[in-house]
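Q: sharing a sequence plus its predicted fold:
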Amino acid sequence: MIPREVVVVAEHLGGEVTDTTLEMLACAHDLARSVGWRVTCLILTDNPKPFQSLPLNADKVLVVKDAGLGTPNPAAYARVLPHVLKDLSPRLVILGNTSLGIDLAGPLSFTLGAPVVSGCVGVRAEGDRVIVTSRLCGGKLQAQIEPGDGLTIVLLMPGTGHRELGMRDEVPPFEIRSSPAPLESLPVRFLELVEPKMEDLDVRKIPVLVAAGRGIQSKDNLGDLEALAKELGGAVCATRPVVDQGWLPRSRQVGRSGMTVKPRLYLALGVSGAPEHTEGMKGSDLIIAVNRDPEAPIFDIAHYGATVDLLELVPILTEKLREAKGGA
Ligand SMILES: Cc1cc2nc3c(=O)[nH]c(=O)nc-3n(C[C@H](O)[C@H](O)[C@H](O)COP(=O)(O)OP(=O)(O)OC[C@H]3O[C@@H](n4cnc5c(N)ncnc54)[C@H](O)[C@@H]3O)c2cc1C
């Protein structure tokens, strides 16, 4: 019989599951609900307590507890997971397309003899068939892949699901097991956690972002964008070319090699919408794009758009917002 279980391998730090984990749970839940499968959230840790009363959107939370699982060490995970997954024998294992997930996918694929689909931006089931959408050529192409009936490992891109759907109203059943494999003499040791340097503000926490693309043309025009962001109660972020030119610090860069943001409003000004950029902002609640080129790919994901010159629009918009506030 074809297995009907999806296992999500949780990522966590400091006792908190990551947004990517919640997104993976949301995707797994969607898939499982449509075909009546079950979702198990698998957490590897030395301390199950912070997870015990979390209302994670899964049919079950299974914790593997061991002192050697106190830090996210891929070598430790790679030792434990094959045993646990053989025991659960799921149809799908969902990992994040993150440094941890990428480190794990190869060893797991080898040990379990399972195919890996990386760069996934969607996964669904139709009857007993699983269909995975995977990004190719840096996101310029998408492939629909239908793995066979056996176990498949899927690496889900951060930002794919809605993280708020990774939680539900009730706490799922919770089981704790000890590690099925010894975790001494691992080939990789955890030395220290180095937090990324926040040179100024953390754009991931700002609800309104005004994004400066190369279309702003000169550093001198940033002042106008800052003024607009201020009126909107937000901050300015940027595409990579803007950061590469040193117009804004690296901490403001959004995209594959920058931050992943999900603000309430993302106002993209002079941003073409390259996949490396949209990967970091396409989960925003509301995307408004301003670009002179009506063919710019940013309009494919924008909720609203205007094909006007941003350099003319921004000062007028700022002034109108000021007036509206003054008149309120
Ligand atoms: C491995 C890798 C990682 C990368 N990581 C990132 C990343 O993290 N973040 C990122 O952003 N990029 C990243 N890139 C670069 C990415 O591929 C694009 O080159 C970049 O996003 C383009 O930035 P842009 O939209 O500002 O510039 P452009 O693509 O040059 O677009 C400028 C846009 O502005 C419009 N425009 C010009 N003047 C005006 C005007 N006056 N009014 C209105 N519109 C105007 C133009 O029509 C154009 O569409 C990465 C690339 C690689 C290969």
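A: That came through fine. Numbering: from 1, shown residues only.
Q: and the residue of the stretch 101-250 of the chain closest to the ligand?
A: G215 (2.6 Å; C-beta to the nearest ligand atom). All C-beta spots, glycine's among them, are computed from the backbone N, C-alpha and C.
Q: for the stretch 201-328 of the chain, which residues score under the pLDDT cut-off?
A: For the stretch 201-328 of the chain, the stretches with pLDDT under 70 are 327-328.
Q: before we move on, back to that, which residues does the residue of the stretch 101-250 of the chain closest to the ligand contact?
A: G215 makes contact with 269-272, 291-292, 310, according to C-beta atoms under 8 Å, 6 or more residues apart in numbering.
Q: just the element for H83, please.
A: Counting by DSSP states H and E, the element that carries H83 is helix 74-88.
Q: and the helix or strand following that helix with helix 74-88, angle?
A: Going down the chain from helix 74-88, the next helix or strand is strand 92-96, by DSSP H and E. Using axes from the mean of the first three to the mean of the last three C-alpha atoms, to 10 degrees, the inter-axis angle of strand 92-96 relative to helix 74-88 is 160 degrees.
Q: partner strands of strand 92-96, with direction?
A: strand 5-9 (parallel), strand 152-156 (parallel) (DSSP bridges).
Q: can you tell me which of those comes nearest to L286?
A: L286 lies closest to strand 152-156 among these, at 23.7 Å (C-beta to C-beta).
Q: buried stuff in that closest one?
A: 152-156 (16 or more other C-beta atoms under 10 Å).
Q: and it, how far out from the chain's middle?
A: 14 Å (C-alpha atoms, centre = their mean, to the nearest Å).
Q: contacts for it, please.
A: Here strand 152-156 makes contact (C-beta under 8 Å, 6+ apart) with 20, 23-24, 27, 91-97, 101-102, 105, 108-109, 112, 114-121, 123, 130, 132.
Q: residues touching stretch 182-197, excluding its own?
A: Against stretch 182-197 from outside (C-beta under 8 Å, 6+ apart): 13, 66-69, 71-76, 79-80, 251.
Q: same check, this time on stretch 106-113
A: By C-beta under 8 Å, 6+ apart, the list of residues contacting stretch 106-113 from outside reads 78, 81-82, 85-86, 93, 114-116, 150-151, 153.
Q: make it 10 Å
A: Applying C-beta atoms under 10 Å, 6 or more residues apart in numbering, the contact partners of stretch 106-113 are 9, 74-75, 77-79, 81-83, 85-86, 89, 93, 95, 101, 114-116, 150-153.
Q: give me the buried entries from those residues.
A: For the contacts of stretch 106-113, buried by 16+ other C-beta under 10 Å: 9, 74-75, 77-79, 81-82, 85, 93, 95, 101, 114, 116, 151-153.
Q: residues from the stretch 201-328 of the chain in reach of the ligand?
A: Taking C-beta under 6 Å from any ligand atom, the part of the stretch 201-328 of the chain that reaches the ligand is made up of 213-215, 239-241, 253-258, 270-272, 274, 276-277, 280, 290-293, 296, 309-311.
Q: now render the strands paired with strand 92-96 as TSV, adding mean pLDDT and distance to W247.
A: As requested, those are exported to TSV (pLDDT from 0 to 100; distance: least, C-beta to C-beta, whole Å):
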stretch	mean pLDDT	distance to W247
strand 5-9	97	39
strand 152-156	97	33
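Q: now render those as CSV, adding distance to the ligand.
A: Converted to CSV, the strands paired with strand 92-96 look like this (distance: least, C-beta to the nearest ligand atom, whole Å):
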stretch, distance to the ligand
strand 5-9, 25
strand 152-156, 17
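Q: which one of those lies closest to I43?
A: Of all those, strand 5-9 comes closest under C-beta to C-beta, at 8.4 Å.
Q: how far off centre is the closest one?
A: The answer for strand 5-9 is 17 Å, by C-alpha atoms, centre = their mean.
Q: and the next helix-or-strand element following that strand, what does it pack onto?
A: With elements assigned by DSSP H and E, the helix or strand that comes after strand 5-9 is strand 12-13. Applying 3 or more C-beta pairs under 10 Å, 6 or more residues apart in numbering; DSSP states H and E, one finds that strand 12-13 contacts strand 38-45.
Q: next helix or strand past the strand it packs on?
A: helix 49-52.
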